[in-house]
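Peer 1: coords please:
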Amino acid sequence: MTPNLQIELRRFISSNVVSKLNKFYFENDALLIKAIDVSLGTILMGMYNKIDEITFFDEILEKVEDTRFYAEVDFEAGRILSVDDCYAIEGNSILKQIFTNKKGRISEMISNEVGIKSETAREVLNFSGLLFISYLKNNLQLLPSLKLLLEDQKRDILNSIPPGIKIILGFSCYESVEEKSQANLSKSLFTLFGHHFF
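Peer 2: Numbering: from 1, shown residues only. Below you'll find the model as predicted:
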């Protein structure tokens, strides 16, 4: 069965994880969850952009294996055993590889779009990056088909990312709204002819 990457990653974000993260950040829970969701989508599309770089995955997977964060994830149970602030440091080098010089702009955009502090956005992006790379490390069988998987899920992932971040990542807003526009057109045609089925 083909995993939906965003859904797979979201299942690690329990209310317990959010509560423990908020011991560091003091944000509204709903905004923190939204920031994590936006960050996960951003990480997935950042990885999509890097997928053809031959040595990229070897280097990044080797780095994550040595992190405290990786040791704290129970992949079988789909939960994070302990939430401390190790990701604040451990995620930096990984995100620099994914986003090169765009990391600061992306985290600032998450802060502005979601309405959380800059520091929170920066560290939630680190957290999300480590979570996805850890997930990949534990599911190495996904690597050969990862490009295809991300390509197939790209529209849904892009729909979870604010427009400004999409543009920084090199995607047009049109790529993610095309299906919505077609649905609205169909709805308008039905309304035009007096059939209110929606």
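Peer 1: C-terminal to the helix or strand encompassing residue 129, what's the next element?
Peer 2: Using DSSP states H and E, the element containing residue 129 is helix 118-138. Following helix 118-138 in sequence order, the next helix or strand is helix 146-159 (DSSP H and E).
Peer 1: So which elements touch the very next helix or strand once past that following helix?
Peer 2: Scanning forward in sequence from helix 146-159 by DSSP H and E, the next helix or strand is helix 163-169. Helix 163-169 is packed against helix 29-50, helix 103-114, with contacts defined by 3 or more CB pairs under 8 Å, 6 or more residues apart in numbering; DSSP states H and E. Where C-beta positions appear, they are placed from N, C-alpha and C, glycine not excepted.
Peer 1: buried sites along helix 163-169?
Peer 2: Neighbour-count burial for helix 163-169, with 16 or more other CB atoms under 10 Å as criterion, is recorded at 164-166, 168-169.
Peer 1: Identify the farthest-apart pair in these.
Peer 2: With CB to CB as the measure, no two of those lie farther apart than 164 and 169, at 9.9 Å.
Peer 1: which residues touch the residue minimising distance to the centre of the chain?
Peer 2: Closest residue to the average C-alpha location of the chain: residue 40 at 1.1 Å, with CA atoms, centre = their mean. Taking CB atoms under 8 Å, 6 or more residues apart in numbering as the contact definition, residue 40 lies against 6, 9-10, 128, 131-132, 160.
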